[in-house]
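Asks: sequence below, structure please.
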Amino acid sequence: MDFSVCRFPSDRLTIAMMRSRHRDLFDHGFHTEDGEEQPKYFKQPVGNVEEEIGEMLFCERCVATFAYARARGIEVPTGLDLEIHKDQLVDMYREWGLVSGIRQASELVRDVEREGERLALEKGPRAPGGR
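Replies: Residues are numbered from 1 along each chain as shown. Below you'll find the model as predicted:
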């Protein structure tokens, strides 16, 4: 799958959004009390903060991949729980300020599914024997 043509909600995430959520990693002076340079967010590991965005990107791609597989009539990925990833995206979109409520977040998750379906349709007809 070539995700480069997909539009994901996380594409709208800005540095300003990250700063508002993690001021301590961006805006506490050039040097912090412990002598570390700011912004810490990109310069060094700071716990699980970087993983938050990575997890959002991973979940979006999982949801798109499931939708792609269903639309193509091919086997969906194993070992991943689609509903968990969708629930995580709802929470993350709200936490990062991409939406103001659960309804909007759920609609963004549906947009991710539509992106996967669109990508599958661009590939042509369903797989032989696909549902």
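
Asks: just give me the neighbour total for the nearest residue to residue 68 once chain neighbours are set aside.
Replies: Distances taken as CB to CB, 6 or more residues apart in numbering place residue 116 nearest to residue 68, at 4.0 Å, with adjacent residues excluded. C-beta here means a position set from N, CA and C on the backbone, and glycine is covered the same way. Per other CB atoms under 10 Å, the neighbour tally for residue 116 reads 25.

Asks: then residue 75?
Replies: Number of residues near residue 75 (other CB under 10 Å) recorded here: 9.

Asks: got it, and residue 102?
Replies: For residue 102, the neighbour count with other CB under 10 Å is 12.

Asks: give me the distance between it and residue 94.
Replies: Distance of residue 102 to residue 94, computed by CB to CB, to the nearest Å: 7 Å.

Asks: hang on, the earlier thing: can you tell me the helix or strand for the residue nearest to residue 68?
Replies: Assessed by DSSP states H and E, residue 116 sits inside helix 102-122.

Asks: do residue 71 as well
Replies: If you go by DSSP H and E, residue 71 is part of helix 49-72.

Asks: if you count contacts, what does the following helix or strand past that helix end up packed against?
Replies: In the C-terminal direction, the helix or strand that comes right after helix 49-72 (DSSP H and E) is helix 82-95. Helix 82-95 sits against helix 49-72, helix 102-122, with contacts defined as 3 or more CB pairs under 8 Å, 6 or more residues apart in numbering; DSSP states H and E.
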